[in-house]
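[1] Pasting the sequence and the predicted coordinates here, then a few questions.
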Amino acid sequence: MAKMSDHRVAIITGAGSGIGRGIATELAGAGIRCVLTGRRLKPLQETADMISGDRDRMLIIQSDVTLAADRARIVSESLEKFGHIDILVNNAGISRKAPLLDYGEEEWRQVMNTNLDSCFFLAKAVIPHMRDNGWGRIINIASVYSTLVLNNDLYSEMLPTENEEGRGPTRQPAYHASKGGLLTLTRELSAALAPWGITVNAISPGMIMTEQSKDVVNDSVIRKLKAMTPVGRLGEPWEIGYAVLFLASEKTSFITGIELRVDGGWSIW
């Protein structure tokens, strides 16, 4: 894809690893100035080190998007550094799993605050600046599990279907609910912001191989996931980054409110 106008500025949450790092690398490679945010400083610095080019075109902000003060700081420091905000990529996300009947309110709220609440409130914080410029792109990173239900048998070693205490199958209900909510939020914002020249879209990654997944998914699960993906392999973080780059481009002003699945066909059968 051709380089975008080099004055565009993107905020990328969860940019320190995995999909967030892939997004940052693709956007920076296209000439976009990137604000890298995340809770841990070292991974953010490692992402910046992996991006070739002028380090002055990047800004690292260690922050927690679930905190209102940190969200305000992300916006204010971005504006102080670059003068405007054009693209927001809501990528930060977590999951918590537990036997269904042991799943607590604390776990539920942690996931919802990170995966859904922060996306709305950070979008709300940048929208006035995008509106003033008459141009903006908000891209929410959802999941194929926004609309699909997890099959415990596929992850039987990680997510057993039963336990000795009879507390039900190990599940991650808040993750699914938050990502489903993110799709609806995407559509709601897309309708509200279209008159201001701001598009809002979602990307739903399928099975993506990241450093984190290598640590928690064994070879048996990987083989199953590959076999269930029509293209016969797992995706790479940069492939999500390229999809973000497409939706963030100058030529996608007529695309808004969509869910773009980047899953190698995972969800078609």
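    Done, it's in.

[2] So which residues of the chain form strands?
    Applying DSSP state E to the chain gives strands spanning 9-12, 33-38, 58-62, 87-90, 98-99, 136-141, 170-171, 198-205, 259-262.

[3] so which of those gets nearest A72?
    strand 58-62 (11.4 Å; CB to CB). No exception for glycine: its C-beta is placed from N, CA and C like everyone else's.

[4] Distance from the closest one to the middle of the chain?
    Its chain's C-alpha centre and that of strand 58-62 lie 17 Å apart, by CA atoms, centre = their mean, to the nearest Å.

[5] Stretch 220-236 now?
    21 Å.

[6] And for stretch 53-60?
    Distance of stretch 53-60 from the chain centroid (CA atoms, centre = their mean) equals 21 Å.

[7] What residues sit buried inside that stretch?
    R57, M58, L59, I60 (16 or more other CB atoms under 10 Å).

[8] hang on, the first one packs against L36?
    No - look at R57 against L36 with CB atoms under 8 Å: they stay out of range, at 11.2 Å.

[9] Pick out the residue nearest the middle of this protein.
    N91 (2.2 Å; CA atoms, centre = their mean).

[10] now that residue: how far from G265?
    Plainly put, N91 is 23 Å away from G265 if you go by CB to CB, to the nearest Å.

[11] same deal with P99?
    32 Å.

[12] N163: what's its closest spatial neighbour, skipping adjacent residues?
    The shortest distance from N163 to any non-neighbouring residue, by CB to CB, 6 or more residues apart in numbering, is to P99 (5.5 Å).

[13] rewinding a little: between P99 and G265, which one's more packed in?
    Taking neighbours as other CB atoms under 10 Å, P99 and G265 compare with P99 leading, 17 against 13.

[14] pLDDT weak spots in this protein?
    Counting by pLDDT under 70, the chain shows low-confidence ranges at 1-6, 212-216.

[15] ranges for the helices of it?
    Listed in chain order, the helices found in the chain under DSSP state H are 18-29, 41-50, 68-82, 105-112, 118-133, 173-193, 211-216, 219-227, 237-247.

[16] my read: W238 touches G22, true?
    Yes - here W238 reaches G22: they are 4.5 Å apart, a contact under CB under 8 Å.

[17] rewinding a little: winner for burial among the strands of the chain?
    strand 87-90 (a mean of 28; mean count of other CB atoms under 10 Å).

[18] in its sheet, what does that one sit against?
    strand 9-12 (parallel), strand 136-141 (parallel) (DSSP bridges).

[19] Could you say which one of those strands comes nearest to A125?
    Here strand 9-12 is closest among these (CB to CB), at 9.7 Å.

[20] Show me which of W238 and G22 is the more surrounded one.
    Between W238 and G22, counted using other CB under 10 Å, G22 has the larger neighbour count: 26 against 17.

[21] The more buried one against G241, yeah?
    Yes - counting by CB under 8 Å, G241 is a contact partner of G22 at 4.1 Å.

[22] ok, N140 to S146 distance?
    10 Å.

[23] Return every residue with contacts to both of those two.
    Common contacts of N140 and S146 (CB atoms under 8 Å, 6 or more residues apart in numbering): L182, L183, A202.

[24] if we can go back for a sec, okay, the helices of the chain, which one's buried deepest?
    Ranked by mean neighbours (mean count of other CB under 10 Å), those are led by helix 18-29, with a mean of 25.
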